[in-house]
Structure formats: C-alpha cells, structure tokens
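Colleague: Just need the structure, nothing else, for what follows:
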Amino acid sequence: MTRLYFYLVLLGACSPIELPFGNQSLNDSSLTEVRVELVQGPALPMAKLLSSSISNGLLKNGITASVDPDIASRFVLKGLARANWEDKKVPFVMLIYWTLYDRAGKILGTHTQGVRGARWKWEYGDPKIISAVGEGAAKSIAVLLANEDKPIQNVLFDEGVLIRGVTGAPGDGNVALREAIVSGLRSSNVKIVEDTRQASLTLTGLVSLKPKGHALEEVQVTWSVHTLDGFEVGRATQVNDIPKGKLDELWADEASKIANAALIGIKRIIGFENPSTNQPKKVLVAQPKLTPDLEQIPNNTAPPLQ
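Modeller: Residues are numbered from 1 along each chain as shown. Purely as a prediction, here's the structure:
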C-alpha cells in the first residue's frame, strides 16, 4: 500500500482531523471569520499592537481572526481610538470605537470601549493596557457575532467553480485527474461551470515528481483555489510515495483515490462545512464574560468611523 499524506494549507490556524480512509492526515481550517484592520488614531507601532491583541482575544473566544490585510474573511473589524485627556466626566484615558462589518460593507454592530490607565502608560504601549483592550473588545465583538440570528452565507461559493485543469502529470494524469476531481465535486453537489461568467472560483492542479530512493518516487499534487481576480483562497497539497514508473502511462484508479482525498480539503476551502452537503457554515463563538479591566459605554454613543 502506498503511503499517502494529505495536507491542507489555508490562511489561518490548523487543527488535525482524521480522514475516513487510508494512512492519511489533514490539517484543516475554515475561512477566517474576522479580519482586524489596523486601529486608526494611534502611532503605527501602537496600532499594530492593539490590532494583534484583539485578534488574539478573538481566538481565545473561539473565533478565527487575523490582522493580515489580504486575507479573505467573513467579517471586518475596524477601530478608531480617540484620546480623552481633558474630559474628567468620563474616567477613561482613551475611547475606542469599534465597528463590525460584513464582506459587503454593511455595519452589523458597534461597540465603544473605554480604556482606563495613566496617559503615559498608553503612550508607551503598556502591555497590561494592550492586553486589557484586546480581551475586553474581543468579548464584546463575540457578543455581536453570537447575536447574528441567521446562518452566515457562504461568501466565496456564490456561483460555480471553474476547473482550469491539471498540469505536470506524466502519462494520462492531467486528463485523468481533472476528470476525477470534476466527477467528485459534482457528486458532492458542487456546481462546476465551463464559463468564467458563471464562476466565482477557479481550481487548478499541479503535479510534480521527484526520485525518493529505494525504487520510489514522490508524487506531489497541489490544488489551488483562486477568486476570479487572482486571490488565492486556499491550497491543498497531497504527497504520495509510489513505485518508480507506476504513473508513467495510465493513472487509472490512482486518479480517483487522489481526487477523493483532495475533495475534503477543496470543499472546505470553497465553503462546505459537511463534505456531503452544500450547507453554509455558521460562526461558533463562546459566550463572553464582562472583563473586570474595562468599563463599557452604551453602544449608541459611538460616532461613525471616518
């Protein structure tokens, strides 16, 4: 039996799960839920620290998050920090106005966060203040996400997938792999299209072989999912050790085996929660507790972000 290892490389944290057949492993992550933009107002170093802190806080609340400006996400979180040096009626050194958007730019909710502490601690980036901001804001944003009643629609898979083809395989591998992946995706209710006007994503396959020793070859198959404008949504890479020359001519059953293993990763990249259904994913978040470090100002006091 050949050894098959399957890796799914996505833009986010990974957790291993067991595949239903063979000696395989899969590292999987769903589409990032929240992209945290740089907080506006503070100097760039402080803005980066604050954004990273809330991203880490969201992760602690069970919400996948990233500060990568190029990552695909279901939601976008923006923050605006304003100094409160003079107003003694409000016991905060800073006020941070958070706004949560969906991918279409619609505002889903706002939160105004008051930051306690000495002014000089804020200006010098005191770690305790940064940590408190991240934890406090993350818990409030988790509430906003938890209050979303309807399932989140699949933001990537809204039309169809265009299979651009497979390259690099010896023998009939390019044709066999393409046919196998098309058949597998269609069996999973994924809409396969032949026209870019009907597609929202593209899928390409790349095969490479190299000697492994002991009369073996290492065959690597990489499946890449892109949006039509060229943004890479995710990548699934399979590595097989096979007897040398086994795939020089006919791929036969090997193409089906490779495609079936790849389907699990590909379907998760394009937004399928369950490999056998076409149901959108839901955001799962932990119910937050109020942070003891920060006090909250009612949401209706938050001005719009500029």
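Colleague: switch to C-alpha atoms for all contacts and neighbour counts from now on
Modeller: OK.
Colleague: how about stretch 134-144: buried residues?
Modeller: Residues of stretch 134-144 classed as buried: 134-144 (neighbour count, 16 or more other C-alpha atoms under 10 Å).
Colleague: That should have said stretch 122-136, apologies.
Modeller: Under the neighbour-count criterion of 16+ other C-alpha under 10 Å, stretch 122-136 has 122, 129-136 buried.
Colleague: re earlier: closest to R178 out of the buried residues of stretch 134-144?
Modeller: Using C-alpha to C-alpha, A142 is the member of those that lies nearest R178, at 41.3 Å.
Colleague: That closest one and A169, how far apart?
Modeller: To A169, A142 is 46 Å away according to C-alpha to C-alpha, to the nearest Å.
Colleague: quick revisit: among the buried residues of stretch 122-136, name the ones in helices.
Modeller: Under the assignment DSSP state H, the buried residues of stretch 122-136 contribute 122, 129-136 to helices.
Colleague: residues in contact with stretch 198-214?
Modeller: Contact partners of stretch 198-214, identified using C-alpha atoms under 8 Å, 6 or more residues apart in numbering, comprise 156-169, 178, 193, 217-228, 241, 244, 270.
Colleague: Could you tell me which of those residues belong to strands?
Modeller: When these are checked against strands (DSSP state E), the matches are 161-167, 193, 217-227, 241.
Colleague: Out of those residues, which end up buried?
Modeller: Buried by 16+ other C-alpha under 10 Å: 161-163, 165-167, 193, 217-227, 241, out of the ones in strands among the contacts of stretch 198-214.
Colleague: For I96, pull up the helix or strand it's in.
Modeller: strand 94-102 (DSSP states H and E).
Colleague: strand partners of that strand, parallel vs antiparallel please.
Modeller: Here strand 94-102 is paired, per DSSP bridges, with strand 73-83 (antiparallel), strand 107-115 (antiparallel).
Colleague: averaged over its residues, what pLDDT does it have?
Modeller: Averaging pLDDT along strand 94-102 gives 86.
Colleague: And for stretch 240-256?
Modeller: For stretch 240-256, mean pLDDT rounds to 86.
Colleague: Just the endpoints, please. Distance across that stretch?
Modeller: End-to-end distance for stretch 240-256: 14 Å, by C-alpha to C-alpha.
Colleague: about what we covered before: as JSON lines, the ones in helices among the buried residues of stretch 122-136 with distance to M46 would be great.
Modeller: Listed next are those as JSON lines, based on distance: C-alpha to C-alpha, whole Å:
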{"residue": "W122", "distance to M46": "9"}
{"residue": "I129", "distance to M46": "11"}
{"residue": "I130", "distance to M46": "9"}
{"residue": "S131", "distance to M46": "12"}
{"residue": "A132", "distance to M46": "14"}
{"residue": "V133", "distance to M46": "12"}
{"residue": "G134", "distance to M46": "12"}
{"residue": "E135", "distance to M46": "16"}
{"residue": "G136", "distance to M46": "17"}
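Colleague: And these, which is closest to R197?
Modeller: Nearest to R197 among those is G134, at 42.1 Å by C-alpha to C-alpha.
Colleague: any weak-confidence spans in the chain?
Modeller: 1-31, 86-91, 147-159, 271-306 (pLDDT under 70).
Colleague: the domain parsing of it - what is it?
Modeller: Using automatic domain parsing, the domain parsing of the chain gives 3-30+156-269, 32-152+284-301.
Colleague: ok, which stretches of the stretch 201-306 of the chain are helices?
Modeller: Along the stretch 201-306 of the chain, the segments classed as helices by DSSP state H, counting those that start in this stretch run 253-269.
Colleague: and the gap between L250 and L209?
Modeller: L250 sits at a distance of 15 Å from L209 (criterion: C-alpha to C-alpha).
Colleague: who has more neighbours, these two?
Modeller: More neighbours surround L209 than the other of L250 and L209, with 18 against 14 (other C-alpha atoms under 10 Å).
Colleague: Bridged to the more buried one, which residues?
Modeller: Counting by DSSP bridges, L209 forms beta bridges with V219.
Colleague: Give me the distance between it and S188.
Modeller: 29 Å.
Colleague: and what of W122?
Modeller: Going from W122 to S188 by C-alpha to C-alpha gives 53 Å.
Colleague: and the spatially closest residue to A81 that is not a sequence neighbour, how many neighbours?
Modeller: Nearest-residue entry for A81: I96, 4.2 Å, with adjacent residues in sequence omitted and distances by C-alpha to C-alpha, 6 or more residues apart in numbering. If you count neighbours by other C-alpha under 10 Å, I96 ends up with 22.
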